[in-house]
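Asks: from the sequence below, what's the structure:
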Amino acid sequence: MRWSIVPRMLAGLVVCLCLVPLSAHESQVVERISLRAARLFDGTSMHRNMVVEVADGRIVFVGARDGAVTHDLGDVTIMPGMIDVHTHIDWHFGTDGRYGNRPDGPRETPEQRETAIAANLRATLLAGFTTIQNLGNRGDGALRDAVAAGTLLGPRIVSSLGQLSPRDRTPDQLREAVRASKAAGADVIKTFASGSIRDGGTLNVTQEQLDAICSEARAQGLRAVVHAHDPDSIAAAVKAGCDQIEHGVFADDRAIALMKDANVFFDPNIGLVLQNYVENKAKFLGAGNYTDEGFAFMERAIPTLGPIFKKALDAGLRMPLGTDAVAGAHGQNAREAVARVNAGQFPIGALISATSLAAESLGLKTSLGRLAPGYLADIIAVSGDPSQDIAMLRSVTFVMAQGRVVSQ
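Replies: Numbers count the residues shown, from 1 in each chain. As a prediction, this is how the structure comes out:
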């Protein structure tokens, strides 16, 4: 299916990116859609020759039955739409092909930014990721609403509406910042316990600051996810009662044990983000801390990611699939699952991490991440059997989002 994406503006803010179908196969919501395929992964296990029926945007039947269906998909695997629990969907390369508005480069217009973000959303959805947790973009509110309304082609967005950097703020100021994020409509709090990997990734906040952020998030009914690379920053985030640790590039046995004892989620990002930076080095170099020294940190870290992941896997940590996808990486999210299997995870475990476990980490385990009656109809199909060859996740043949067929 092909789409034309038409940006619109209101009071200087993006409110929707309207979709114009370019073929006769228009995106559709009908009273009842039925899908049959050779295999079905329901979010926890594989089944053969199953049918899924959808009505009014929700799954109403999963099981074996004879008779006609609206979509006979053949020798594929039907599964829940995948979930990426850490993206930066707004990150993109400019009209000069480089990241960041640079003094010596062209200035990006609002329309160019809208178009680039729309392209990232489209690529992510058509790659089979029907939900993302976007961590850091203050403009996500309009994007989230437009996707939910069906006026923007993209995955469902769970957003932090920015990020909370402790810096020199007092615990009381940080608590107020959490409350302000909740009032603005944030779904989750994103904060930092360490610097960037490009700066060494060491602890750079106080325990009192993290305690304030994570305890206030709980009081407001929000989850708190924490950027933490080194063991000390991971330990501080765990002690503060935060819900999910991001990255952990320098996690050691002590940090892994602390995360296990606290039963927090750990999102290690081993298969896409650093590799994408290196692959696109020339496009990032010179922006902020994207220096030769910073790239050297990332290049040295890549070979260590698989072994750290395997240690965490053997320890029994709950690791939902997250990529930290930035400019250049959108639509390649399934590379994370492939890397995890290459590092020692069974393919079925990688499938679970991208579906039911990811939904659980978002607090959405009763509505997303499974194919079962009552769940939201985010459904994809991939070639072959991904429980035998995880690379099949990169061959998406069908996408239904919010009960709407968007690619077949």
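Asks: any idea how far G271 is from the residue sitting furthest away from the middle of the chain?
Replies: Going by C-alpha atoms, centre = their mean, the residue of the chain most distant from its centre is G67, 36.8 Å out. From G67 over to G271 the distance is 41 Å, taken as C-beta to C-beta, to the nearest Å. C-beta coordinates here come from the backbone N, C-alpha and C atoms, glycine included.
Asks: what do you get for A251?
Replies: Applying C-beta to C-beta to A251 and G271 gives a distance of 16 Å.
Asks: check S233 too.
Replies: Going from S233 to G271 by C-beta to C-beta gives 22 Å.
Asks: now R102
Replies: With C-beta to C-beta as the criterion, R102 and G271 are 29 Å apart.
Asks: and these two? Which one has more around it.
Replies: The neighbour count for R102 versus G271, taken as other C-beta atoms under 10 Å, is higher for G271 (26 against 13).
Asks: name the SS class of the more buried one, please.
Replies: At G271 the chain is in coil, as set by DSSP: H, G, I helix; E, B strand; the rest coil.
Asks: where in the protein is pLDDT low?
Replies: Within the chain, the stretches with pLDDT under 70 are 1-31.
Asks: how is it partitioned into domains?
Replies: 3-80+371-407, 82-361 (automatic domain parsing).
Asks: let me know the secondary structure of A327.
Replies: Per three-state DSSP, A327 ends up coil.
Asks: in what helix or strand does the nearest residue to it once chain neighbours are set aside lie?
Replies: Closest residue in space to A327, ignoring its immediate chain neighbours: W91 at 4.3 Å, by C-beta to C-beta, 6 or more residues apart in numbering. Using DSSP states H and E, W91 sits in no helix or strand.
Asks: what about W91, distance to T323?
Replies: Distance of W91 to T323, computed by C-beta to C-beta: 12 Å.
Asks: please say which of those two ends up with more neighbours.
Replies: Each of W91 and T323 has its neighbours counted (other C-beta under 10 Å); T323 has more, 29 against 21.
Asks: contacts only, for that one.
Replies: T323 is in contact with 84, 86-87, 269, 271-273, 329, 333, 335-336, counting by C-beta atoms under 8 Å, 6 or more residues apart in numbering.
Asks: TSV for those, including distance to G349?
Replies: Formatted as TSV, those follow (distance: C-beta to C-beta, whole Å):
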residue	distance to G349
D84	17
H86	19
T87	21
N269	17
G271	14
L272	18
V273	21
A329	23
N333	17
R335	16
E336	13
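Asks: ok, those vs F192, which is closest?
Replies: Within those, the smallest distance to F192 is 13.4 Å, found for H86 (C-beta to C-beta).
Asks: isn't there a helix covering the closest one?
Replies: No: counting by three-state DSSP, H86 is not part of a helix but strand.
Asks: so it makes contact with L135?
Replies: Yes: with contact defined as C-beta atoms under 8 Å, H86 counts as touching L135 (5.8 Å).
Asks: now do the shared contacts for these two.
Replies: With C-beta under 8 Å, 6+ apart as the test, H86 and L135 both reach 225, 246.
Asks: could you report the neighbour count for the residue nearest to L274 when sequence neighbours are not counted?
Replies: Nearest non-adjacent residue to L274, counting by C-beta to C-beta, 6+ apart: M298, 4.8 Å away. Other residues within reach of M298, judged by other C-beta under 10 Å, total 19.
Asks: name the element M298 belongs to?
Replies: Assigned by DSSP H and E, M298 belongs to helix 292-315.
Asks: beyond that helix, next helix or strand please.
Replies: helix 335-342.
Asks: tell me which other helices or strands that next one touches.
Replies: Here helix 335-342 touches helix 292-315, helix 347-353, going by 3 or more C-beta pairs under 8 Å, 6 or more residues apart in numbering; DSSP states H and E.
Asks: right, so those helices: which one is the most enclosed?
Replies: Among the helices and strands packed on helix 335-342, helix 347-353 has the highest mean neighbour count (mean count of other C-beta atoms under 10 Å), at a mean of 23.
Asks: and the contacts of that helix?
Replies: 41, 43-46, 79, 313, 319-321, 337, 340-341, 345, 386-390, 393.
Asks: mind redoing it with 7 Å?
Replies: Residues from elsewhere that reach helix 347-353, judged by C-beta atoms under 7 Å, 6 or more residues apart in numbering: 41, 44, 79, 319-321, 337, 340-341, 386-388, 390.
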